[in-house]
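>>> Sequence plus the predicted model coming up.
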Amino acid sequence: MRTILFFDLPTETSADVREYSRFHRFLIKNGFIMMQKSVYCHLALNASALGSAVAAVRKNKPSKGIIQVLNVTEKQFSRMEFILGQYDGDIINSDSRLVIL
């Protein structure tokens, strides 16, 4: 399963920028991969891991802005259509299992 996280955070004051940077670092540290600016994706092996990832986001959310989460299956994610632009190899876009040892 995948968690797709969308966010829009204010960057008007220096405190806002610090919170934005802290949240961005949190996402990267916890395995979220940038799909587009302010759109991140996280791969979870099961619903329990998915719930843990969303709970961690709730715990580390900034005080202002908007954060939305969409959970989709691998099959749904692999059917994503690129209208403009091209596939970025950093994001696995297939419903096959991947094992890296």
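Looks like it came in fine. Computed from a prediction, not measured in an experiment: that's the story for all the values here. Numbering: from 1, shown residues only.

>>> Every contact and neighbour count from this point should use C-alpha atoms.
OK.

>>> Please tell me the pLDDT value assigned to residue 99.
Among the per-residue scores, residue 99 holds a pLDDT of 56.

>>> Same question for residue 90.
pLDDT, residue 90: 56.

>>> How about residue 54?
For residue 54, the pLDDT comes out at 94.

>>> is it true that residue 47 touches residue 53?
No. In this structure, residue 47 is not within contact of residue 53 by C-alpha atoms under 8 Å, at 9.9 Å.

>>> neighbour-wise, which of the two wins?
Each of residue 47 and residue 53 has its neighbours counted (other C-alpha atoms under 10 Å); residue 53 has more, 20 against 12.

>>> Please identify the helix or strand for that one.
Following DSSP states H and E, one finds residue 53 within helix 47-59.

>>> list the buried ones in that helix?
The neighbour-count check on helix 47-59 (16 or more other C-alpha atoms under 10 Å) flags 50, 53-54, 57 as buried.

>>> Equivalent analysis for stretch 22-41, please.
Buried residues in stretch 22-41, counted by 16+ other C-alpha under 10 Å: 23, 26-27, 32-35, 39-41.

>>> The helix ranked longest in the chain to helix 47-59, inter-axis angle?
Counting by DSSP state H, the longest helix found in the chain is helix 14-29. Helix 14-29 runs at 160 degrees relative to helix 47-59, counting by axes from the mean of the first three to the mean of the last three C-alpha atoms, to 10 degrees.
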